[in-house]
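> dropping the sequence and predicted coords here.
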Amino acid sequence: MDKKLIAICGDAVEELRKLPDKSINLIVTDPPYNLNKDYGTNQDNLEFDEYLEFSRQWLKEAHRVLSDNGSLYVFMGMRYISYIYSILEHEIGMYFNSWITWYYTQGTGKTKGFSPRHDDILLFTKHHTKFVFNLDDIRVPQKFYRSVNNMRGANPGNVWEFSHMHYCNKNRQKHPTQKPEALYERMILASSNKGDTILDPFVGSGTLLRVCQQTDRLGIGIDNNPEYIKMTNERLNSPFTGFDSIDERMKRVPNDLNDAQIRIEYIQNHIKWFLAYHPDAINEFVEEVKRKYCNKLIESGQYALVDQLSKGRS
């Protein structure tokens, strides 16, 4: 395992207290939602006020260790999210930036009431204007090519659609709330730079450290379950073939790529821009290019060049 990736077994608050002030560039974490889930070493069932005090303690420590231009992304269930928001803004003094909705197509079924189909993620920053946000690194492909568009893509917005980590997914771990790697990919690329130190005080199955490993970041993960720390280390030592999930828009081929030179440059750039961490999606993208522009590729003599992209010979 890369020594720049550290998985610590211990209590989140206690381990956070050991970290120096302003030593972390970004925090991305999925803490317990207090929904009575079994996390092996503890049951997630604190009394209401106890849970808020627990949240208050770790959030204050998170704020202390965060750099002046750092950001915090925190997943949270609907019952407590307004309280977490209030703690961050009114008690700790962080600055609200975005309320992200992670939409998924399958979730818990209900017979009385509406079945949930989303989770929420709060983005707060330590400074109201001076914080890292790399929009170009997280853009999504445009629907149409227009010379006036930014062909690096569009802002992905605050509603993100990624599939749940279904039990049939080859990367599914024995963890009750494992999140898709592409969620963390977007947050980490947006709010940190290569070489930065990223922290997850509730690292669970190790998703954050796996994404840090592949995106050239330093990572610190904390969890009080030794089995999850073992799981994380095993995951970091496994071969990488691409992140286990993707925003389907990343494979989208813009319409109206009619100019031959623009078309070939865009296609090559698309793989670099949008599929750098998704090599297993390149073939699907190339096949869609050929389906959409087959005749034009043949006429311009570009068909063979495009075909090579999916074979790693570009």
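Sure thing, it's come through. Just so it is clear, the model here is predicted, and its values are computed rather than measured. Numbers count the residues shown, from 1 in each chain.

> give me the contact list for stretch 125-136.
Applying C-beta atoms under 8 Å, 6 or more residues apart in numbering, the contact partners of stretch 125-136 are 25-26, 63, 66-72, 94-95, 97, 152, 155, 189-193, 196. (Glycine included, C-beta is placed from N, CA and C.)

> please redo it, this time with the cut-off set to 10 Å
22, 25-26, 62-63, 66-72, 92-98, 123-124, 150, 152-156, 188-193, 196, 273 (C-beta atoms under 10 Å, 6 or more residues apart in numbering).

> go ahead and build a ChimeraX selection from the buried members of the residues you listed.
Buried members of the contacts of stretch 125-136, defined by 16 or more other C-beta atoms under 10 Å, are picked up in ChimeraX with:
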select :25,26,62,63,66,67,69,70,71,72,92,94,97,98,123,124,152,153,156,188,189,190,191,192,196,273
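
> what about the strands in the stretch 101-250 of the chain?
In the stretch 101-250 of the chain, the strands defined using DSSP state E, counting those that start in this stretch lie at 118-125, 159-161, 197-200, 218-223.

> okay if I get the ones you listed as TSV plus distance to I264 and mean pLDDT?
Shown next, in TSV, are the strands of the stretch 101-250 of the chain (distance: least, C-beta to C-beta, whole Å; pLDDT from 0 to 100):
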stretch	distance to I264	mean pLDDT
strand 118-125	37	95
strand 159-161	30	95
strand 197-200	36	98
strand 218-223	37	97
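
> what's the closest of these to T105?
strand 159-161 (7.9 Å; C-beta to C-beta).

> packing partners of that closest one?
Other helices and strands packing on strand 159-161, by 3 or more C-beta pairs under 10 Å, 6 or more residues apart in numbering; DSSP states H and E, are strand 95-103, strand 118-125, helix 181-191.

> export the ones you listed as JSON lines, with columns for distance to G219.
Shown next, in JSON lines, are the helices and strands packed on strand 159-161 (distance: least, C-beta to C-beta, whole Å):
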{"stretch": "strand 95-103", "distance to G219": "21"}
{"stretch": "strand 118-125", "distance to G219": "19"}
{"stretch": "helix 181-191", "distance to G219": "9"}
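
> any idea which of these gets closest to I138?
The nearest among these, by C-beta to C-beta, is helix 181-191 at 4.7 Å.

> rewinding a little: with distance to I282 added, can I get the strands of the stretch 101-250 of the chain in CSV?
Shown next, in CSV, are these (distance: least, C-beta to C-beta, whole Å):
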stretch, distance to I282
strand 118-125, 28
strand 159-161, 21
strand 197-200, 26
strand 218-223, 26
